[in-house]
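Trainee: Quick one, fold the following:
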Amino acid sequence: MDDSSTMPDYEISTTFDYSGLVSLVIDKNVKRFTFYFVPPLYSLVFIFGLLGNSLVVLILIRYKKLKSMTDIYLLNLAISDLLFIFSLPFWAYYAAHEWIFGDAMCKILSGIYCVGFYSGSFFIILLTIDRYLAIVHAVFALKARTITYGTFTSVATWVVALLASLPEFVFHHVQMESESHSCTIHYPTQKEKEWKQFITLMKFILGLAIPAVIIIFSYMQIIMILIKGRNQRKQKAFKLIAVIMVVFFLFWMPFNIALLVRTFQDSFFPSNSENNIEGKVTLGIEVTRVIALVHCCINPVIYAFLGERFRKYISIFFQKCMLVLLCRLCPGRNYPILERSTSSYISSTEHDISIGL
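Mentor: Purely as a prediction, here's the structure:
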């Protein structure tokens, strides 16, 4: 008698579902990244960004005296970066621990983050238009590029950025998640998917798509004029603003693309359960968020490398600081006065058509 004929048939599976294990590993990677890397990175960005952008604001107000539309826009761009920077200590603590600053601060800081993003993008557009008018329509620019118009458009830009950021102020709340308090956005339950898609698309369109279209059109016209004229001073002005814009998109585009992918991941990856796309996208968002915030301290570095007058103003500023320090240490000695050389330098360059830095 064959015993094998009486034994029950079992279906032996040789496959194992790794999706749960992969999800666990990626979740641990996200937590490890936010705990160990985000706080020190945010701290460095806070220190260098605060010093650099404060120096830009000081030079624009103290030395440049805000005498042109470009100065107004650059000042507001620096203020936009400072909005991010002032909130970084809170986000650094939150990355390593939990949210302890209350519901009101959660709404305010989340909204400020969004206002800073929109305003930075909008002032990049205004700087592009400013360069376009100065180079392509030089005669018309004499009437249009005034401090009054610059102030008016700056105020309007902040209003639009604030209105676009209202959902961030409204929908961010503090709640318990995994036995700790978190500051996250919570959309209305009935329209959660629609709100998430709308806000993500609005950020992508207003913050990246529209600026890209305006910048491409404007700079195509500017390049054509510069090729014909070959004006060296105009080319310097073009180079500095162009670098500021390229750097802005390089730092912010990955984060916004990651948000777009997460919001519409069902359309991009129909079989995301097999490859755990959601966990990978979450890790990608955290990494690209840090890259985006590093942009806060980049613009002053660009000014230092490409802005000749900016470097000279910095030199004058630090020379004055050294003189003050020496006067306090050795009050009996006489030291040279730099104010006269500063004034003569400024007056000799007021006619320059460059961006003011």
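
Trainee: how many other residues sit next to residue 48?
Mentor: 17 (other C-beta atoms under 10 Å). Yep, even glycine has a C-beta here, placed from its N, CA and C like the rest.

Trainee: per-residue confidence at it?
Mentor: The model reports residue 48 with a pLDDT of 90.

Trainee: Nearest residue to it in space, please, no chain neighbours.
Mentor: Excluding the flanking residues, the one nearest residue 48 by C-beta to C-beta, 6 or more residues apart in numbering is residue 297, at 4.3 Å.

Trainee: Please list all residues in contact with that neighbour.
Mentor: Contacts here follow C-beta atoms under 8 Å, 6 or more residues apart in numbering; on that basis residue 297 touches 45, 48, 49, 52, 53, 81, 85.

Trainee: Can you tell me which of these are classed as buried?
Mentor: Buried subset of the contacts of residue 297 (neighbour count, 16 or more other C-beta atoms under 10 Å): 45, 48, 49, 52, 53, 81, 85.

Trainee: JSON lines please, covering those residues and showing distance to residue 169 and secondary structure.
Mentor: As requested, the buried ones among the contacts of residue 297 are exported to JSON lines (distance: C-beta to C-beta, whole Å; DSSP: H, G, I helix; E, B strand; the rest coil):
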{"residue": "45", "distance to residue 169": "23", "secondary structure": "helix"}
{"residue": "48", "distance to residue 169": "28", "secondary structure": "helix"}
{"residue": "49", "distance to residue 169": "23", "secondary structure": "helix"}
{"residue": "52", "distance to residue 169": "28", "secondary structure": "helix"}
{"residue": "53", "distance to residue 169": "24", "secondary structure": "helix"}
{"residue": "81", "distance to residue 169": "20", "secondary structure": "helix"}
{"residue": "85", "distance to residue 169": "19", "secondary structure": "helix"}
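
Trainee: picking that back up, now do the phi/psi pair for the residue nearest to residue 48.
Mentor: Residue 297 has phi and psi values of phi -110, psi 20 when expressed as degrees, to the nearest 10.

Trainee: try residue 172
Mentor: Backbone torsions of residue 172, given as degrees, to the nearest 10, read phi -80, psi 130.

Trainee: which ones are touching it?
Mentor: Taking C-beta under 8 Å, 6+ apart as the test, what residue 172 contacts is 106, 107, 110, 111, 183, 184, 185, 186.

Trainee: returning to what we had before: now the contacts of residue 297 in JSON lines, with distance to residue 288?
Mentor: Formatted as JSON lines, the contacts of residue 297 follow (distance: C-beta to C-beta, whole Å):
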{"residue": "45", "distance to residue 288": "14"}
{"residue": "48", "distance to residue 288": "20"}
{"residue": "49", "distance to residue 288": "18"}
{"residue": "52", "distance to residue 288": "22"}
{"residue": "53", "distance to residue 288": "22"}
{"residue": "81", "distance to residue 288": "18"}
{"residue": "85", "distance to residue 288": "18"}
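
Trainee: which is the next helix or strand following the host helix or strand of residue 181?
Mentor: Assessed by DSSP states H and E, residue 181 sits inside strand 180-185. Using DSSP H and E, the next helix or strand after strand 180-185 towards the C-terminus is helix 192-204.

Trainee: Can you name every helix or strand that that following helix contacts?
Mentor: helix 166-171, helix 232-263 (3 or more C-beta pairs under 8 Å, 6 or more residues apart in numbering; DSSP states H and E).

Trainee: Kindly reformat these as CSV containing mean neighbour count, distance to residue 66 and mean pLDDT.
Mentor: As requested, these are exported to CSV (neighbours: other C-beta atoms under 10 Å; distance: least, C-beta to C-beta, whole Å; pLDDT from 0 to 100):
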stretch, mean neighbour count, distance to residue 66, mean pLDDT
helix 166-171, 17, 29, 92
helix 232-263, 18, 17, 78
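
Trainee: Poorly predicted segments of the stretch 1-150 of the chain, please.
Mentor: Applying pLDDT under 70 to the stretch 1-150 of the chain picks out residues 1-30.

Trainee: how about the helices in it?
Mentor: 19-36, 38-62, 69-96, 102-136, 138-144, 147-164 (DSSP state H, counting those that start in this stretch).

Trainee: Against which helices or strands is the second one packed?
Mentor: On a contact count with 3+ C-beta pairs under 8 Å, 6+ apart, helix 38-62 meets helix 69-96, helix 277-294, helix 299-306, helix 308-329.

Trainee: looking at those helices, which is buried most?
Mentor: Across the helices and strands packed on helix 38-62, averaging neighbours per residue (mean count of other C-beta atoms under 10 Å) puts helix 69-96 on top, at a mean of 22.
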